[in-house]
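**Q** Compute the structure for the input listed below.
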Amino acid sequence: MARYIGPKTKIARKFREPIFGPDKYFEKRSYPPGQHGIAKKRAKQSEYAVQLLEKQKVKYTYGILERQFSRIFSIALRKDGITGENLLKLMESRLDNVVFRFGIAPSRAGARQLVSHCHITVNGKVNNISSYILKPGDIVGVRERSKSNEVITDSLASRSNKYGWLEWDTTAMQGKFVTTPSRDEIPENIKEQLIVELYSK
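**A** Numbers count the residues shown, from 1 in each chain. Just a heads-up that it's a prediction; the model follows:
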């Protein structure tokens, strides 16, 4: 599938939760989309359907494509530890996700755009690869000439989320990826074991 740029509320309603963040339209219509809306009787989903839906939720949440997802899963599979947790840890270590977590961008899609337009640096050098996997100790910052960018300054002004695995320096407009987060620290509502079961078929 190509990167989704359609109505986000419709996708959130499909998964029955606001996966793209606070959404007043989702709150008004939190039932699944479709012609008959809430009144439609829906058949019980098969085990495969539930697993596939969970995989799709992760892809929409982090904004990645099928080929990228398969590549990340294969890396998670080769790592020591629990495969499902490794998968989410790799997702959280992506440059675009960390830019979003720091509050430099208001959304992951916005973070990808900032990265691809060369507004973001990693360890002092411009990095325009959204899928770049950060290592503990890496420094992510805003490029010097981009520090007055209105989108970035507005997003940082409303920044509220703070995460234990990240350290942010407001004055320098840069942050440190201290360590890879544990599963308990990742706030996304994802049942990663279902995805592992899907790939093990």
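**Q** C-alpha only now, for contacts and for neighbours.
**A** OK.
**Q** separation between residue 70 and residue 198?
**A** 12 Å (Cα to Cα, to the nearest Å).
**Q** Of the two, give the one with the bigger neighbour count.
**A** residue 198 (16 against 12; other Cα atoms under 10 Å).
**Q** what helix or strand does that one sit in?
**A** helix 192-199 (DSSP states H and E).
**Q** got it, and residue 129?
**A** Residue 129 belongs to no helix or strand, assigned by DSSP H and E.
**Q** Might you report the residue contacts of it?
**A** Counting by Cα atoms under 8 Å, 6 or more residues apart in numbering, residue 129 touches 95, 115-116.
**Q** can you give me the strands for the chain?
**A** Under the criterion DSSP state E, the chain contains strands at 120-122, 125-126, 139-142, 166-169, 174-177.
**Q** By mean pLDDT, flag the weakest helix or strand of the chain.
**A** helix 24-28 (a mean of 54; mean pLDDT, DSSP states H and E).
**Q** Enumerate the helices of this protein by residue range, in sequence order.
**A** 8-15, 24-28, 47-62, 66-78, 83-92, 95-102, 108-116, 150-157, 192-199 (DSSP state H).
**Q** So which residue is smack in the middle of this structure?
**A** residue 62 (3.0 Å; Cα atoms, centre = their mean).
**Q** Hmm, that one is touching residue 89, no?
**A** No. If you go by Cα atoms under 8 Å, residue 62 and residue 89 don't touch, sitting 12.0 Å apart.
**Q** Just the pLDDT at residue 134, thanks.
**A** pLDDT, residue 134: 97.
**Q** mind listing what it touches?
**A** 93-95, 177.
**Q** Please tell me how far residue 170 sits from residue 142.
**A** 11 Å.
**Q** quick one, what contacts residue 169?
**A** residue 175.
**Q** how close does it sit to residue 83?
**A** 33 Å.
**Q** now the contacts of residue 134: which count as buried?
**A** 93-95, 177 (16 or more other Cα atoms under 10 Å).
**Q** Just put the residues you listed in a markdown table and tack on pLDDT and distance to residue 128.
**A** Formatted as a markdown table, the buried ones among the contacts of residue 134 follow (pLDDT from 0 to 100; distance: Cα to Cα, whole Å):
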| residue | pLDDT | distance to residue 128 |
| --- | --- | --- |
| 93 | 96 | 15 |
| 94 | 96 | 12 |
| 95 | 97 | 9 |
| 177 | 97 | 17 |
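**Q** need the residues you listed in a markdown table with distance to residue 110, can you?
**A** Converted to a markdown table, the buried ones among the contacts of residue 134 look like this (distance: Cα to Cα, whole Å):
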| residue | distance to residue 110 |
| --- | --- |
| 93 | 17 |
| 94 | 14 |
| 95 | 12 |
| 177 | 19 |
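**Q** Which one of those is nearest to residue 184?
**A** The shortest gap between residue 184 and any of the buried ones among the contacts of residue 134 belongs to residue 93, at 15.0 Å (Cα to Cα).
**Q** okay but the closest one is in contact with residue 130, surely?
**A** No. Between residue 93 and residue 130 there is no contact under Cα under 8 Å: 10.6 Å.
**Q** Output the below-cut-off pLDDT ranges for this structure.
**A** Within the chain, the segments meeting pLDDT under 70 span 1-43.
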